[in-house]
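Visitor: Here's my sequence, what's the structure:
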Amino acid sequence: MNPSKDTSIEYAHIYTNNKIGEEHQLSLDILEKLYKEEGEGNRSLSLVVMVDDYSFPDPSFDYGQFSSWLTEKGFKPDFIIRESQLIPLCDDVLKLMKNNKLREQISDYVRAKKYPCSLFVATWYLLRLGYISSPLFDNKLTAKKLINILPKSFKPFEDQAIKIIKSTEFKTAVDQINWKYFEGRLVA
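Guide: Next up is the predicted model:
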């Protein structure tokens, strides 16, 4: 692993059955502050977005409109990935897990229902850090550390993702992952 960037920042996570809203603007507000802090001293950054097209799939989601909105706000993503694109890599991460009990629990869940959010998250983080690779993700975007700007409601899934990562040979990767949580899904 030889990361190209200092920091990879994930922001504006969206579900395909959602519209751009206050939660995404909050994410950008946090990103704006972080961008200044993390970019100081010529540190290199990559901006990445994951679109959840798996949990609540909606084929009418307009990726172009979403990307344009982010760009208009001054934060054009270097990369946008659809969560469903990670499925083959999720299978690879499952095979890497050394905690047999946890691996079996997740495998049973996959067989009975579908891939859990936590497995997608663990896979996405290992990919961004360069511990695993895919032709989908340009190695030039791998980073030494991750910052994830997410609603606080995502924390249980993030915690489970950390357990998954810790059960692989890449357990030290968890020291490279940071979060900026905000109160999400605000109702006016």
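Visitor: contact partners of stretch 84-94?
Guide: Contacts of stretch 84-94 from elsewhere in the structure, counted by CB atoms under 8 Å, 6 or more residues apart in numbering, are 53-54, 57, 103, 106-107, 110, 115, 119-120, 122-124, 126-127, 132, 134, 136, 164, 168. (Glycine included, C-beta is placed from N, CA and C.)
Visitor: got a list of what residue 6 touches?
Guide: Under the criterion of CB under 8 Å, 6+ apart, the contact partners of residue 6 comprise 38, 43-45, 143-145.
Visitor: Make TSV out of the residues you listed and add pLDDT, distance to residue 172 and neighbour count.
Guide: Formatted as TSV, the contacts of residue 6 follow (pLDDT from 0 to 100; distance: CB to CB, whole Å; neighbours: other CB atoms under 10 Å):
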residue	pLDDT	distance to residue 172	neighbour count
38	77	21	17
43	78	21	12
44	90	22	15
45	92	22	17
143	97	15	21
144	96	12	17
145	96	12	17
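Visitor: Rebuild the residues you listed as TSV, extending it with secondary structure and distance to residue 175.
Guide: Conversion of the contacts of residue 6 to TSV gives the following (DSSP: H, G, I helix; E, B strand; the rest coil; distance: CB to CB, whole Å):
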residue	secondary structure	distance to residue 175
38	helix	17
43	coil	18
44	coil	20
45	strand	19
143	strand	13
144	strand	11
145	strand	9
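Visitor: Give the buried residues for the helix or strand of the chain with the lowest mean pLDDT.
Guide: Least confident helix or strand of the chain, by mean pLDDT, DSSP states H and E, is helix 22-39 with a mean of 89. Judged by neighbour count using 16 or more other CB atoms under 10 Å, the buried positions of helix 22-39 are 23-24, 26-28, 30-31, 34-35, 38.
Visitor: Just the residues contacting it, thanks.
Guide: Residues from elsewhere that reach helix 22-39 (CB under 8 Å, 6+ apart): 6-7, 9, 11-14, 45, 47, 69-70, 73-75, 147, 149-151, 180, 182-186, 188.
Visitor: Restricted to buried residues, select those in PyMOL.
Guide: Typed into PyMOL, the next command selects the buried ones out of those (criterion: 16+ other CB under 10 Å):
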select buried, resi 6+7+9+11+12+13+14+45+47+69+70+73+75+147+149+150+151+180+182+184
